[in-house]
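Undergrad: sequence unknown, structure follows:
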């Protein structure tokens, strides 16, 4: 079980803002740079900070960066970190005014040592900064900085996963959004689907879904802030499996490497339409494979073991392949040619569904090894 330690860093004031500042350091450094005695490397689960001295510092941008906020805009900073080193493990949060590498002030916070998992530190300081200023700082903040927990030595590595800067005093207008995903076309085995996104820090099974009527359409209702733009995707069993989305899909962010669904949270409670796992559309929109037109679609060679080609007078936009049980086993969009590699399929019978501008066409083919 992950250990969660709660300490709170408050940047003092009660000015209402509209959104959080979130740095997610998975597969990215999020623009952070070394401030001395370290280098930063993006890794799948966290940003690695390799130390060359105990006083290693990183900053949320170069000298020209400017967040354009003030000390009174936000009142809380949460940091998720794994510190494998020993020592006193006192870390620091720095606030930098524009155009300087000299911090206006800093706040110390204690983290764990010899850690094997990540801990979240929510540090609240209603009092004076730990150093750099004798008064509460309400001036401009261009960048944040973090010093590694004290005690690390040359070539030690600290792992930073996330940092959230927020204002807990603002009034949040939240709405209940119900998400629905149809799991009927999923080939992998699973027990419980889940909803993961920027709103829950991609936490795994925090928002597990349920299927009360047994129709294989799973749902979960989440309270979200009106006006926020969130990214999300469906997974199952604490990320044991996850959907693969199309970056060209109407519901996705367009990122070919980390393709997530996108939602602008509406002003009122809403129930989203059910979508097929890995698709922006419902499973039923693909059509029933038993009742599609057979005309004007040919497949050759048939049978085949490695490659098939299809021919149709229609303009084909998408190709779906189903096995005889009705499970989706292949999807291809934005077709460059009419050739499909089927070498990954097991021997047996399959249906190819061709989605044109006006029709869905079906044709059966055989894989023979």
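TA: Noted; the coordinates are in hand. These numbers were taken from a predicted model, which means no experiment stands behind them. Residues are numbered from 1 along each chain as shown.
Undergrad: list the beta-bridge partners for the closest residue to residue 24 other than its chain neighbours.
TA: Leaving aside its chain neighbours, residue 24 sits nearest to residue 162 (5.5 Å; criterion: CB to CB, 6 or more residues apart in numbering). For every residue, glycine as well, the C-beta is placed using N, CA and C. When bridges are called by DSSP bridges, residue 162 pairs up with residue 24, residue 80.
Undergrad: is it true that residue 87 touches residue 113?
TA: Yes: Residue 87 is within contact range of residue 113, at 6.8 Å (criterion: CB atoms under 8 Å).
Undergrad: okay, and the common contacts of these two?
TA: Here residue 87 and residue 113 have 149, 151 as joint contacts, going by CB atoms under 8 Å, 6 or more residues apart in numbering.
Undergrad: what kind of secondary structure is residue 27 in?
TA: coil (DSSP: H, G, I helix; E, B strand; the rest coil).
Undergrad: who's in contact with stretch 261-270?
TA: Here stretch 261-270 makes contact (CB under 8 Å, 6+ apart) with 173, 175-178, 224-233, 245, 251-253, 272, 280.
Undergrad: one more time with 10 Å
TA: Stretch 261-270 is contacted by residues 173-179, 195, 197-199, 221-234, 243, 245, 249-255, 272, 275, 280 when judged by CB atoms under 10 Å, 6 or more residues apart in numbering.
Undergrad: so for it, mean pLDDT?
TA: Across stretch 261-270, pLDDT averages out at 88.
Undergrad: 279 is where my numbering starts, stick with that
TA: Okay, using 279 as the starting number, the last item reads as stretch 539-548.
Undergrad: hmm, the residue nearest to residue 302 is touching residue 424, no?
TA: No: Residue 440 lies out of contact with residue 424 (CB atoms under 10 Å); the separation is 11.9 Å.
Undergrad: those two - which one has more neighbours?
TA: residue 424 (25 against 20; other CB atoms under 10 Å).
Undergrad: which strand residues bridge the more buried one?
TA: Beta-bridge partners for residue 424, by DSSP bridges, are residue 336, residue 371.
Undergrad: just checking, it touches residue 373?
TA: No: using CB under 10 Å, residue 424 is not in contact with residue 373, being 11.2 Å away.
Undergrad: residues shared between the contacts of those two?
TA: Common neighbours of residue 424 and residue 373, counting by CB under 10 Å, 6+ apart, are 355, 384.
Undergrad: on that earlier part again, show me the contacts for the residue nearest to residue 302.
TA: Taking CB under 10 Å, 6+ apart as the criterion, residue 440 is in contact with 300-304, 308, 324-325, 356-359, 396, 398, 479-480.
Undergrad: scan those residues and report the most crowded one.
TA: Tallying neighbours with other CB under 10 Å puts residue 359 at the head of the contacts of residue 440, with 26 neighbours.
Undergrad: kindly provide the distance from that residue to residue 590.
TA: According to CB to CB, to the nearest Å, residue 359 stands 56 Å off from residue 590.
Undergrad: one more: residue 467?
TA: Residue 467 sits 35 Å away from residue 590, going by CB to CB.
Undergrad: which of those two has more residues huddled nearby?
TA: Using other CB under 10 Å as the criterion, residue 467 and residue 590 rank with residue 590 on top: 17 against 9.
Undergrad: any idea how far residue 618 is from the more buried one?
TA: Noted for residue 590: a distance of 13 Å to residue 618, by CB to CB.
Undergrad: show me the common contact partners of these two, please.
TA: Contacts common to residue 590 and residue 618, judged by CB under 10 Å, 6+ apart, are residue 577.
Undergrad: residue 520 against residue 510, yeah?
TA: No: counting by CB under 10 Å, residue 520 sits too far from residue 510 to count as a contact (11.2 Å).
Undergrad: tell me the centre residue of this structure?
TA: The chain has residue 475 as the residue nearest its centroid, 5.0 Å off, counting by CA atoms, centre = their mean.
Undergrad: list the contacts of it.
TA: Residue 475 makes contacts with 457, 481, 484-485, 500, 502, 508-512, 538-541, as judged by CB under 10 Å, 6+ apart.
Undergrad: of the residues you listed, buried ones?
TA: For the contacts of residue 475, a burial check counting by 16 or more other CB atoms under 10 Å picks out 457, 484-485, 500, 502, 508-512, 538-541.
Undergrad: just name the closest of the residues you listed to residue 446, please.
TA: residue 502 (16.7 Å; CB to CB).
Undergrad: continuing past whichever strand or helix holds that closest one, what's the next helix or strand?
TA: Assigned by DSSP states H and E, residue 502 belongs to strand 495-503. Downstream of strand 495-503, the next assigned helix or strand under DSSP H and E is strand 507-514.
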